[in-house]
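*Asks:* 3D, please:
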Amino acid sequence: MVQNVTPDSRFGPCAQTPRQRAYVLRQMQAANPTLYARASAYVQRLHARYVAGELSWPDVCALRDAPMYLP
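*Replies:* Prediction:
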């Protein structure tokens with residue numbers, strides 16, 4: 001039985017499932033390994049939330065770039 005699943009517009013057409021999002025993240029990491037090797041624990045948690053489908057990639061970028069503490 002095939003389910004009719006509506007694509008989630010927060011993710012691209014090739015990143016609809018956790019497996020696909022993990023692949024996309026691995027491809028980004030491979031393209032710039034130095035940047036991703038320095039990722040803090042906080043950023044790694046954001047990446048995990050992206051793979052799980054809790055955050056879109058723009059959400060991850062916004063949270064990563066936001067100040068951690070307000071003045």
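*Asks:* show me what the longest helix along the chain is packed against.
*Replies:* Counting residues, the longest helix in the chain under DSSP state H turns out to be helix 18-31. If you count contacts as 3 or more CB pairs under 8 Å, 6 or more residues apart in numbering; DSSP states H and E, helix 18-31 packs onto helix 41-52. In short, each C-beta sits where N, CA and C put it, glycine included.
*Asks:* buried set for the following helix or strand past the helix it packs on?
*Replies:* Per DSSP states H and E, the first helix or strand lying C-terminal to helix 41-52 is helix 57-65. For helix 57-65, the neighbour count (16 or more other CB atoms under 10 Å) marks 57, 60 as buried.
*Asks:* check stretch 34-50 too.
*Replies:* Buried residues in stretch 34-50, counting neighbours by 16+ other CB under 10 Å, are found at 36, 46-47, 50.
*Asks:* how long is that stretch end to end?
*Replies:* 20 Å (CA to CA, to the nearest Å).
*Asks:* what does it contact?
*Replies:* By CB atoms under 8 Å, 6 or more residues apart in numbering, the residues outside stretch 34-50 that reach it are 21, 25, 28-29, 55-57, 59-60, 63-64, 68.
*Asks:* for the most centrally placed residue in the chain, give its distance to residue 34.
*Replies:* In the chain, the centroid-proximal residue (CA atoms, centre = their mean) is residue 50; its distance is 3.3 Å. Taking CB to CB, to the nearest Å as the measure, residue 50 falls 20 Å from residue 34.
*Asks:* coming back round to it: got the buried residues of stretch 34-50 as TSV, with distance to residue 6 and pLDDT columns?
*Replies:* Output for the buried residues of stretch 34-50, formatted as TSV (distance: CB to CB, whole Å; pLDDT from 0 to 100):
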residue	distance to residue 6	pLDDT
36	31	88
46	25	96
47	25	96
50	20	97
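*Asks:* out of those residues, which is nearest to residue 15?
*Replies:* residue 50 (8.9 Å; CB to CB).
*Asks:* circling back: quick check: the farthest pair among the contacts of stretch 34-50?
*Replies:* Across those (CB to CB), the longest gap, 24.5 Å, separates 21 and 68.
*Asks:* more crowded one of these two?
*Replies:* Between residue 21 and residue 68, counted using other CB atoms under 10 Å, residue 21 has the larger neighbour count: 22 against 6.
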